[in-house]
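Asker: sequence and predicted structure below; questions after.
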Amino acid sequence: MFHRVSQSHLHLLLPLPKHRFPFPRNAITITDEPQQQPSLTETDDAAIAKLVLESDPRSLSESLTKPGFQWTPELVNKVLKRLWNHGPKALQFFKHLDRHPTYIHSTSSFHHAIDIAARMRDYNVAWAFLGRMKSLRLGPTPRTFAIIAERYVSGGKAHRAVKVFLSMHEHGLRQDLNSFNTILDVLCKSKRVEMAHNLFKVFRGRFKADTVSYNIIANGYCLIKRTPMALQILKEMVERGINPSMVTYNTLLKGYFRNNQLREAWEFYLEMKKRKCEIDVVTYTTMIHGFGVGGEVKKSRRVFDEMVREGVVPNVASFNALIQVLCKKDSVENAVLVFEEMVRKGGVPNLISYNVVIRGLCHVGDMEKALKFMGRMEKHGLQPSVQTYNVVIRYFCDAGEIEKALEMFGKMGDGSCLPNLDTYNVLISAMFVRKKCEDLVVAGKLLIEMVDRGFLPRKFTFNRVLNGLVLTGNQDFAQEILRMQSKYGRVLRHLKL
DNA sequence: GTAGGGTTAG
């Protein structure tokens, strides 16, 4: 019963688009005369991303190497960012351009490519890029190793990350305090705090650990809600004659809130004042957010007023904190009032402001107003992000408005903002609520599409879709999905079907 | 781009 499915997500039900005329006319002019190089416009990166998405890999090379078109690192980076959620296409683009007769990739583009490859856990490709950088004498730089280490840690290979750091010198790079702090931070941000702390204890002497190093470790312990340990780190740094900074104190303060220790947080703040700390905008914002989500909305507002009284100017983050608090613990109406107040006072809402308000509106079921806010973003020079779409899609699904969710998803498919892992997960789950045969077919198509785009579905998702298809008599399609496993065998091995 | 505040559910 495909006829009930709306236009906007037809692309799921149809074969992939065939190669079309490369660039939208006028967006880019390709000429054979180098003298007439077109000037770059804002739409170039969008048009190129679209071309890459739609064209056949074999013909792509020619289109990209047409003489007369001027590539710049900035343009290449913009295109890579647009293709961020389509790793394979992004890398295809990068590799093709790497064979361009005259254009040579910049270090930052290599970093994007390495990041994308490693995120897909294709570490071999990432290292191959590093080798290519080396042969072009563009790197590697400390940043290159930071990226690789970060991806190893988030891929569950923290030990490899540490190894990479320890082998930096083999690539001609000095291990210094900066790179030491970076690896510590990478480990801490992924909650491998013990490992970071051990590394820290081994090397703090050699690298002369500084305030930053200690702050990173203290923050790590705050992230895993071990504030006593964070306090211990603070004590230790003082003992070793290293001065804590406002960053240190704000880190601890946030740690107390995160651990739901509101009283301790307040006492810590009073202590800061007693010690004549110059309470800054971060301190206040931390408290506005902390007290609010802890349920003390009045206190949150009082802190906001106190900040203004003390002559500390609230910035967007401060407003966002208050808006978020009101959405969660008060009413979305009041949150919107604060949003409007900020605009009236000349404050410029950013992506987070919008996402917070939109989520708040969705949460109370006011989808109409949420969409209105989405439309307003452009006035502030913003475009809905993948998070914006995900929120709206999620709440449409929760409300049972599957068609509208798919319609939203269709808008992303236009290429303005590619869906990410969360988008697919939310949408695939939603395909089970109506218990309709055709919904499961869509779920299957979504599953194939996400794998195609370099996302790894959870084993659960995979089995759920397969079972659903088999139960609804779609044996053939289930087979097709199983075949996909062998195609992507290496990547999907963890699924153990 | 060595560190701190603001965005994903109940």
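Answerer: Cool, got the structure.
Asker: hmm, A:Phe165 and A:Ser179 touching each other?
Answerer: Yes - using CB atoms under 8 Å, A:Ser179 is in contact with A:Phe165, at 6.8 Å. Every residue, glycine included, has its C-beta placed from N, CA and C.
Asker: who's more crowded, the two?
Answerer: A:Phe165 (24 against 19; other CB atoms under 10 Å).
Asker: got the domain ranges for chain A?
Answerer: Structurally, chain A divides into domains by automatic domain parsing as follows: A:31-139, A:435-497.
Asker: what segments of the stretch 201-350 of chain A are helices?
Answerer: A:211-223, A:227-239, A:246-258, A:262-274, A:281-293, A:297-309, A:316-329, A:332-344 (DSSP state H, counting those that start in this stretch).
Asker: and A:Leu51, which of the ones you listed is closest to it?
Answerer: helix A:316-329 (35.3 Å; CB to CB).
Asker: the inter-axis angle of the closest one versus helix A:297-309?
Answerer: Helix A:316-329 and helix A:297-309 meet at an angle of 160 degrees, taking axes from the mean of the first three to the mean of the last three CA atoms, to 10 degrees as the criterion.
Asker: which residues of the stretch 51-200 of chain A lie near DNA strand B?
Answerer: Residues of the stretch 51-200 of chain A lying close to DNA strand B by CB under 7 Å from any atom of the strand are A:142-143, A:146-147, A:150, A:177-178, A:181-182, A:185, A:189.
Asker: show the buried residues in the residues you listed.
Answerer: Using 16 or more other CB atoms under 10 Å as the burial test, those include A:142-143, A:146-147, A:150, A:181-182, A:185, A:189 as buried.
Asker: in CSV: the residues you listed, plus secondary structure.
Answerer: Output for those, formatted as CSV (DSSP: H, G, I helix; E, B strand; the rest coil):
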residue, secondary structure
A:Pro142, helix
A:Arg143, helix
A:Ala146, helix
A:Ile147, helix
A:Glu150, helix
A:Asn181, helix
A:Thr182, helix
A:Asp185, helix
A:Lys189, helix
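Asker: closest one to DNA strand B out of the residues you listed, please.
Answerer: The shortest approach to DNA strand B among these belongs to A:Asn181, at 3.5 Å (CB to the nearest atom of the strand).
Asker: for that closest one, give me its contacts.
Answerer: Going by CB atoms under 8 Å, 6 or more residues apart in numbering, A:Asn181 touches A:210, A:212-213, A:216.
Asker: and if we set it to 10 Å?
Answerer: A:200, A:207, A:209-210, A:212-217 (CB atoms under 10 Å, 6 or more residues apart in numbering).
Asker: same thing with A:Lys235?
Answerer: A:Lys235 sits in contact with A:Pro244, where contact means CB under 10 Å, 6+ apart.
Asker: what about it, distance to A:Ile216?
Answerer: A:Lys235 is 16 Å from A:Ile216, where distance means CB to CB, to the nearest Å.
Asker: do A:Leu253 as well
Answerer: Distance from A:Leu253 to A:Ile216, by CB to CB: 16 Å.
Asker: so for these two, which sits in the more crowded spot?
Answerer: A count of neighbours by other CB under 10 Å puts A:Ile216 above the other of A:Leu253 and A:Ile216, at 26 against 22.
Asker: and the more buried one, how far from A:Leu223?
Answerer: Distance, A:Ile216 to A:Leu223, by CB to CB: 10 Å.
Asker: any shared contact partners between the two?
Answerer: A:188-189, A:193, A:251.
Asker: if you rank these by neighbours, which is first?
Answerer: In the shared contacts of A:Ile216 and A:Leu223, the most neighbours by other CB under 10 Å go to A:Thr251, 26 neighbours.
Asker: leaving out chain neighbours, which residue sits closest to that residue?
Answerer: Counting by CB to CB, 6 or more residues apart in numbering, A:Thr251 lies nearest to A:Asn219, which is 4.7 Å off, once chain neighbours are set aside.
Asker: what about that neighbour, how many neighbours?
Answerer: Neighbourhood size, A:Asn219 [other CB under 10 Å]: 23.
Asker: pLDDT value on it, please?
Answerer: A:Asn219 is assigned a predicted lDDT (pLDDT) of 97.
Asker: isn't it up against A:Tyr249?
Answerer: No - taking contacts as CB atoms under 10 Å, A:Asn219 lies outside contact range of A:Tyr249: 11.7 Å.
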